[in-house]
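**Q** fold the following.
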Amino acid sequence: MSSERTQSAERRPANPVPSPAVDVDGEFFAPDGQMDLLRLQRLVGNQTLQRLIGEGRVEPLPNSRARLIQRDTPDAGAPVAGVPDAPAPAAEDPEFTRIINTPEFSETGARFDSTYQPNSGNPATARPVSGNLTITLKLHINFRDFDRAARREAPYNTMRFTAAQRADFNWTQPQRERFSADMQSSISSAWSGAHRMTSSTPGCEELSTAVNVRVQIVADAASAHTSVTALKVPAGAPRFRSFVQGNTATLDSRDPSEPENKTMDVAQTRVRVGPFATNDATITPELASQIDTFVTQVDATPPAADDEFGNQFIIRVTGHASAGGARARNQTLSEQRANAVSDYIVAHSRRGTLQMQIRGIGNTGATREDRYQSVGLTIQARQQTFSQNVAAHEAGHMMGLDDEYPDPDAHRMTGERNEDFSAIEAELGIDAANETLVGNTQNIMSQGGTVQRGHYVYFLQALERMTSVQWTI
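**A** The predicted structure is shown next:
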């Protein structure tokens, strides 16, 4: 009786045939031991050795791949007889090459100056490519004592100052020096390093940069981006409401060093529903679609359990009316709109219980624009405490950003788009733009200190102008 045995093509013989000789610079190797493999690796480099093994020209020992030293040597590219050269690396994109071979890009702007170093001062061959974008805000500071004109302004005009406060009306030299130093440190720490930028232009995706914001105090007002008046307000007196107007600003002497602490319900989600038809509170299909988007957000906001959601969040529904007509009628109309929207939310939300605050504010702070024929909706986290460095907030204005907190006097309503929205949407998309919708939030341009992606939009645009390629965050 005879039989035949077949051997799988994948199985190696028990006694492997010695590897064919490999010619390396006139020296022949037929490695059959660990030392020979290591010697060959040192001569040709690990990448070439692994290719020879994969082609079957060198027989590996059991588990030898794990024991080979992973290294590249000066001989890694040494030619091997009969082995084709490795494919040449892909050529770098010309735009990428142009940028990394430029030591520095710079731009002088009306709001700030920009400097971009693609390799942070390292050689152009350094990898990974890690750049640095420096935004320089030049400030001239005019120190104003708490003079008679200031004391005649509200709320100081009704105050009686103590002897200690009267002694604190004027700036001292150490106080001036501290104010200047605190302006530099508070603005830089708040605005630097919040986000990293990367190029979105094909071929340039390896480019990325950190962002550093610095303040330079200049003696000449003409060379400053913003001329700041620092008003000396005595300790214990109410804070002066700081502001920026064009290329000038007025700040309370405590703004850089004493953050404002706040406790409030923080708006997590802000939506504006409108406009309603004139003198009407009917929910049209278009308005229903807008409310449906908000309802989806209500249902998707963790936690899923209704009682936990109600303990953590409150839904505020605020109705508005435009100016014109009787004040009483506008008040009633704003309440009708708020009730219509709240009824729709309750009827369409999957949540069994919702904590809601519903009110109408008539035409308070309104104009005749139809955008006031609307309802503001927010999902607000209950009673959070946080702080804001006022100088850092005002620096955002100095660098070109708009406010994000609601303010009837400025005709700015919750859920609306501020002046930066369109620029942010164009550069970074709708999600980044929605992070800056008007509302009482922890954003630095609202009530807190959080720098969102969109707050870098004008830095991003400066970087794009300097480099002539697109960037994102």
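
**Q** my read is residue 325 is in a helix, agree?
**A** No. Counting by DSSP: H, G, I helix; E, B strand; the rest coil, residue 325 is located in no helix; its state is coil.

**Q** ok, it - contacts?
**A** Counting by CB atoms under 8 Å, 6 or more residues apart in numbering, residue 325 touches residue 279. The way it works is simple: take the backbone N, C-alpha and C, and place the C-beta from them, glycine included.

**Q** from residue 391, how far off is it?
**A** 43 Å (CB to CB, to the nearest Å).

**Q** same question, residue 215
**A** Between residue 215 and residue 391 the distance, using CB to CB, works out to 9 Å.

**Q** of those two, who's got more company?
**A** Here residue 215 and residue 391 are compared on neighbour count by other CB atoms under 10 Å; more neighbours surround residue 391, at 29 against 24.

**Q** helix or strand for the more buried one, just tell me which one.
**A** Using DSSP states H and E, residue 391 sits in helix 390-398.

**Q** what packs against that helix?
**A** In terms of contact count using 3 or more CB pairs under 8 Å, 6 or more residues apart in numbering; DSSP states H and E, helix 390-398 is assigned the packing partners strand 130-144, helix 173-191, strand 243-245, strand 248-252.

**Q** what is the distance between the first one and the centre of its chain?
**A** Yep, that's strand 130-144 we're talking about. Remark: strand 130-144 is offset 19 Å from the chain centroid, using CA atoms, centre = their mean, to the nearest Å.

**Q** and for residue 215 and residue 391, which residues touch both?
**A** With contacts defined as CB under 8 Å, 6+ apart, the residues shared by residue 215 and residue 391 are 183, 187.

**Q** show me where this structure has helices.
**A** Assignment of helices within the chain using DSSP state H yields the ranges 34-44, 46-54, 64-67, 94-100, 148-151, 163-166, 173-191, 285-300, 306-312, 327-348, 390-398, 421-428, 430-434, 457-467.

**Q** got the domain ranges for this protein?
**A** By the assignment in automatic domain parsing, the chain contains the domains 16-81, 94-260, 261-386+400-472.

**Q** just name the most buried of these.
**A** Using mean count of other CB atoms under 10 Å, the stretch among the domains of the chain with the largest mean neighbour count is domain 261-386+400-472, at a mean of 18.

**Q** how long is it end to end?
**A** Terminal residues of domain 261-386+400-472 are spaced 33 Å apart (CA to CA, to the nearest Å).

**Q** pLDDT averaged over that domain - what is it?
**A** Domain 261-386+400-472 carries an average pLDDT of 96.

**Q** again, but for stretch 104-119
**A** Looking at stretch 104-119 alone, the average pLDDT works out to 98.

**Q** please renumber so the chain begins at 326
**A** Yep, numbering from 326; the last one is stretch 429-444 now.

**Q** keeping just the C-alphas, turn it into CSV.
**A** Output for stretch 429-444, consisting of C-alpha atoms alone and laid out as CSV, is shown next (Å, rounded to 0.1, in the frame of the first residue of the first chain):
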residue,chain,number,x,y,z
GLU,A,429,9.0,84.6,8.7
PHE,A,430,5.8,86.2,7.4
SER,A,431,4.6,89.4,8.9
GLU,A,432,1.7,91.9,8.5
THR,A,433,1.0,95.2,10.1
GLY,A,434,-2.7,95.7,10.9
ALA,A,435,-5.0,98.4,12.2
ARG,A,436,-6.1,96.2,15.1
PHE,A,437,-3.0,94.1,15.7
ASP,A,438,0.2,93.0,14.0
SER,A,439,0.9,89.4,13.0
THR,A,440,4.1,87.4,12.7
TYR,A,441,4.2,83.8,11.5
GLN,A,442,7.3,81.5,11.7
PRO,A,443,6.5,78.3,9.9
ASN,A,444,9.1,76.3,11.8
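
**Q** circling back to that earlier point, pipe the helices of the chain into a markdown table and attach distance to residue 550 per row.
**A** Converted to a markdown table, the helices of the chain look like this (distance: least, CB to CB, whole Å):
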| stretch | distance to residue 550 |
| --- | --- |
| helix 359-369 | 59 |
| helix 371-379 | 53 |
| helix 389-392 | 60 |
| helix 419-425 | 26 |
| helix 473-476 | 25 |
| helix 488-491 | 33 |
| helix 498-516 | 12 |
| helix 610-625 | 39 |
| helix 631-637 | 42 |
| helix 652-673 | 42 |
| helix 715-723 | 7 |
| helix 746-753 | 19 |
| helix 755-759 | 25 |
| helix 782-792 | 12 |
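
**Q** ok, now how distant is residue 717 from residue 443?
**A** For residue 717, the distance to residue 443 - CB to CB - is 28 Å.

**Q** repeat that for residue 437.
**A** Between residue 437 and residue 443 the distance is 20 Å, computed by CB to CB.

**Q** same question, residue 579
**A** Between residue 579 and residue 443 the computed distance is 40 Å (CB to CB).

**Q** check contacts around residue 604.
**A** Residue 604 makes contacts with 650, 658, as judged by CB under 8 Å, 6+ apart.

**Q** again, only this time at 10 Å
**A** Contacts for residue 604 were tallied using CB atoms under 10 Å, 6 or more residues apart in numbering; they are 646, 647, 649, 650, 654, 655, 658, 698.

**Q** between these, which sits nearest residue 624?
**A** residue 698 (27.0 Å; CB to CB).

**Q** what sits against the closest one?
**A** By CB under 10 Å, 6+ apart, the contact set of residue 698 is 599-606, 644-647, 655, 658-659, 662, 688, 691.

**Q** try it again at 6 Å.
**A** Listed by CB atoms under 6 Å, 6 or more residues apart in numbering, the contact set of residue 698 reads 599, 600, 601, 647.

**Q** let's have those residues in JSON lines, adding distance to residue 532.
**A** As requested, these are exported to JSON lines (distance: CB to CB, whole Å):
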{"residue": "599", "distance to residue 532": "42"}
{"residue": "600", "distance to residue 532": "44"}
{"residue": "601", "distance to residue 532": "48"}
{"residue": "647", "distance to residue 532": "48"}
